[in-house]
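Participant: pasting the sequence and the predicted model now:
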Amino acid sequence: MVWLVGAVLLLWFGWGPAVLLAAAAALCVPRIRWWVQDRGRPSGRVTGAAAGASVALVAAVLVVPDGWLPVPPAPGAWAGPSYVGRPATPHPVAAETVQHPHRVTGGSLVRPGPLGLQPEVETAWFGLQRCGRLELTGAGSLLALCAGRSGPSLRLVDPATLRPSATFDLPERVEGSACAGDAFYLDAGGRAVVATTDRRVLTVRTSVDGEPDLEADAPGQGWDLKPYVPFGDCLVAVAPDWSGRVWWASREGLVGSIAPDTGQVAVVDLGDPVRRGIAADASGAVYVVTDAALHRLATGPDGAPQVGWRTEYDGASGSAPVLLDGGVVAITDSVDSRLGVLFVSRDSGQPLCRQSVFEEGAATDSDLAPLGSGVVVTNNEGYSSPRSTLLGFTTSPGIARVDLAGGECVVRWTSEEVSPSSGVTASWPNGLVYAWTKRPSLTGVSAWYLTALDVETGRSMWGVRTGTGLLAGSDRSEVFLGPDGSAFLGTLAGLVRVRDRS
């Protein structure tokens, strides 16, 4: 009997839930059921050993620090390929590179990601924490904004070992709040500037006495926005402009700026909800999209935010404004149930063109990936929570590139890859975009892949399996490219790193 149970468990681990369904169906046959019953139950010694092993495993998991164990795999290791495609050849994207003077140097756009050369996949288990946003500090550590049952936190992570070295707990999420508290950036001085769930903007140092660590900045360096943002509202975005002012936006449409030297706060009410991030350019302007319009704002002579122009669009935008070459800003919209990309002049607010993508009913909840003269947009229709991708189910397919060429919109390509919630991240040096994808499975296996697509053709160059099961899903985390060519992403249970074999 023991060998039979072991065989079923082995097949279940290899091929997933379909094995258990087959075993249950087999027990419906009287002859097989009688045979199993005739073999008897396992002895008390076997049962005790199994129970003891389970208790020891749970105890080890509770005692071992975060990052020392890999994310536990789910059944289905043999049900799909571990690697598909072939390595890509770099072909850089020609795009204007402008370094923001008040943000940490570089970013995923200007870093090369993995090319698919025998890629290695490493994971680190953080319990049930999702580290959805990552940045790279000046000292070379990963700064992760994580969320778990104990509330949100900042964590410094060694990119080589994937083990946390410091943790800074942030205020817990207010019950019923519509904001997740996942808006932050690293300034040029290496401080994390975080919009918290209790309507504050905090500054947290990422080094103390020259060593990687997390410590709240000196009193007075954070800003309490409760006098300006009423109870029931919350912060959804924070970003610096080119002069160093800190801009923020609330869910209910309040947009404000903070003068770091004096702490002066000035606010304007845009009148419509804001759900996405803020973009800023070298002209001193910031761009905010509400549910009704795209706005260009700047500070007036008295330091108060002023609306330069307001451009209405149809439907609610599912992505933050993205700045492109030639003085263009892009957002998504929805016209007659068709998702589209809208290009607007940054100077005048005049719409330049609009292009529908995918089939009717498509939608996105991911940021656009900029490619100089165009963007890559992802279809997230069908995704509402991690339950949307349980077992072998997936969401609607679709990744597309739309360019602005000669004053007209052009769909360069469309891919049938399925990226449920994470969007794509572009690497200009490699000429690739990276997506966290999921393959449908008739055997009920949830297999997740990091997939690289060519920015010129949309062809899927390669994909490597990064994990199986619910814990390997991303739930709107963003792919982040490190300085050594690695790709990182926060799953529902920790971090994943993919890099080419040395």
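Facilitator: Okay, I see it.

Participant: which stretches in this protein count as helices?
Facilitator: In the chain, helices defined by DSSP state H lie at 2-15, 17-27, 30-39, 44-63, listed in chain order.

Participant: lowest average confidence across the ones you listed, which one?
Facilitator: In terms of average pLDDT, helix 44-63 trails the rest of the helices of the chain, at a mean of 54.

Participant: residue boundaries of the strands in the stretch 401-502 of the chain?
Facilitator: Taking DSSP state E, counting those that start in this stretch as the criterion, the stretch 401-502 of the chain carries its strands at 408-415, 424-427, 432-439, 447-454, 460-468, 480-481, 487-491, 494-499.

Participant: what helices or strands is the fourth one leaning on?
Facilitator: Read it as strand 447-454. strand 432-439, strand 460-468, strand 487-491 (3 or more Cβ pairs under 8 Å, 6 or more residues apart in numbering; DSSP states H and E). All C-beta spots, glycine's among them, are computed from the backbone N, C-alpha and C.

Participant: reformat those strands as JSON lines; add mean neighbour count and mean pLDDT.
Facilitator: Listed next are the helices and strands packed on strand 447-454 as JSON lines, based on neighbours: other Cβ atoms under 10 Å; pLDDT from 0 to 100:
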{"stretch": "strand 432-439", "mean neighbour count": "26", "mean pLDDT": "95"}
{"stretch": "strand 460-468", "mean neighbour count": "22", "mean pLDDT": "95"}
{"stretch": "strand 487-491", "mean neighbour count": "27", "mean pLDDT": "96"}
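
Participant: now these in CSV, with distance to Glu478?
Facilitator: Listed next are those as CSV, based on distance: least, Cβ to Cβ, whole Å:
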stretch, distance to Glu478
strand 432-439, 9
strand 460-468, 15
strand 487-491, 7
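
Participant: and those strands: which comes nearest Pro212?
Facilitator: strand 487-491 (16.7 Å; Cβ to Cβ).

Participant: how much does that closest one deviate in direction from strand 460-468?
Facilitator: Counting by axes from the mean of the first three to the mean of the last three Cα atoms, to 10 degrees, strand 487-491 points 40 degrees away from the direction of strand 460-468.

Participant: kindly export strand 487-491 (C-alpha atoms) in CSV.
Facilitator: Taking C-alpha atoms only, strand 487-491 is exported to CSV below (Å, rounded to 0.1, in the frame of the first residue of the first chain):
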residue,chain,number,x,y,z
ALA,A,487,15.8,39.8,-14.4
PHE,A,488,14.0,39.9,-11.0
LEU,A,489,10.4,39.6,-10.1
GLY,A,490,8.4,39.4,-6.9
THR,A,491,5.9,36.5,-6.8
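
Participant: in CSV: the strands of the stretch 401-502 of the chain, plus distance to Glu211.
Facilitator: What follows is the strands of the stretch 401-502 of the chain, written out as CSV (distance: least, Cβ to Cβ, whole Å):
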stretch, distance to Glu211
strand 408-415, 44
strand 424-427, 30
strand 432-439, 32
strand 447-454, 32
strand 460-468, 32
strand 480-481, 23
strand 487-491, 22
strand 494-499, 22
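
Participant: thought Cys131 was touching Leu156?
Facilitator: No: Cys131 lies out of contact with Leu156 (Cβ atoms under 8 Å); the separation is 11.3 Å.

Participant: any common contacting residues for the two?
Facilitator: Listed as contacting both Cys131 and Leu156 by Cβ atoms under 8 Å, 6 or more residues apart in numbering are Ala144.

Participant: who's more crowded, these two?
Facilitator: Comparing Cys131 with Leu156 by other Cβ atoms under 10 Å, the one with more neighbours is Cys131, at 29 against 22.

Participant: quick one: contacts for the residue lying closest to the more buried one once chain neighbours are set aside?
Facilitator: Leaving aside its chain neighbours, Cys131 sits nearest to Gly490 (3.4 Å; criterion: Cβ to Cβ, 6 or more residues apart in numbering). The contact partners of Gly490, taken as Cβ under 8 Å, 6+ apart, are 130-134, 144, 146, 474, 477, 496.

Participant: same thing with Thr395?
Facilitator: With Cβ under 8 Å, 6+ apart, Thr395 has these contacts: 379-383, 388-389, 418, 420-421, 438.

Participant: ok, Thr137 touching Leu143?
Facilitator: Yes: with contact defined as Cβ under 8 Å, Thr137 and Leu143 form a contacting pair (5.5 Å).

Participant: which one's more surrounded, the two?
Facilitator: Leu143 (25 against 17).

Participant: if we can go back for a sec, state the distance from the residue nearest to Cys131 to Pro159.
Facilitator: Going from Gly490 to Pro159 by Cβ to Cβ, to the nearest Å gives 13 Å.

Participant: now Gly318: how far from Thr364?
Facilitator: The gap separating Gly318 from Thr364 is 4 Å, by Cβ to Cβ.

Participant: scratch that, Tyr83
Facilitator: From Tyr83 to Thr364 the distance is 28 Å (Cβ to Cβ).

Participant: Gly463 too?
Facilitator: From Gly463 to Thr364 the distance is 21 Å (Cβ to Cβ).

Participant: so where is the stretch 51-200 of the chain shaky, pLDDT-wise?
Facilitator: 51-63, 175-178 (pLDDT under 70).

Participant: domain assignment for the protein?
Facilitator: Per automatic domain parsing, the domain ranges recorded for the chain read 2-61, 83-499.

Participant: among these, show me which one is buried the most.
Facilitator: domain 83-499 (a mean of 19; mean count of other Cβ atoms under 10 Å).

Participant: from the opening residue of that domain to its closing one, how far?
Facilitator: The straight-line separation of the ends of domain 83-499 (Cα to Cα, to the nearest Å) is 13 Å.

Participant: how far is that domain from where the chain is centred?
Facilitator: Offset of domain 83-499 from its chain centre (Cα atoms, centre = their mean, to the nearest Å): 7 Å.

Participant: now, among the contacts of Gly490, which is nearest to Ala259?
Facilitator: Out of these, the member with the shortest distance to Ala259 (by Cβ to Cβ) is Arg133, at 25.7 Å.

Participant: and that closest one, bridged to which residues?
Facilitator: Counting by DSSP bridges, Arg133 is bridged to Leu145.

Participant: wait, what's in contact with it?
Facilitator: Arg133 touches 144-145, 182, 184, 477-478, 490, counting by Cβ under 8 Å, 6+ apart.

Participant: of those residues, closest to Gly210?
Facilitator: Looking across these and measuring by Cβ to Cβ, the closest to Gly210 is Ala144, at 21.4 Å.

Participant: ok, the closest residue to the closest one other than its chain neighbours - contacts?
Facilitator: The shortest distance from Ala144 to any non-neighbouring residue, by Cβ to Cβ, 6+ apart, is to Cys131 (3.8 Å). For Cys131, the contact set (Cβ under 8 Å, 6+ apart) comprises 144-147, 155, 157, 477, 490, 494-495.

Participant: now these as a markdown table including distance to Val267?
Facilitator: Rendered in a markdown table, the data for the contacts of Cys131 read as follows (distance: Cβ to Cβ, whole Å):
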| residue | distance to Val267 |
| --- | --- |
| Ala144 | 31 |
| Leu145 | 25 |
| Cys146 | 30 |
| Ala147 | 27 |
| Arg155 | 32 |
| Val157 | 35 |
| Ser477 | 31 |
| Gly490 | 32 |
| Gly494 | 38 |
| Leu495 | 37 |
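
Participant: let me know the closest of those to Val194.
Facilitator: Leu145 (7.4 Å).

Participant: my guess is the closest one meets Ala180, correct?
Facilitator: No: using Cβ under 8 Å, Leu145 is not in contact with Ala180; the gap is 9.7 Å.
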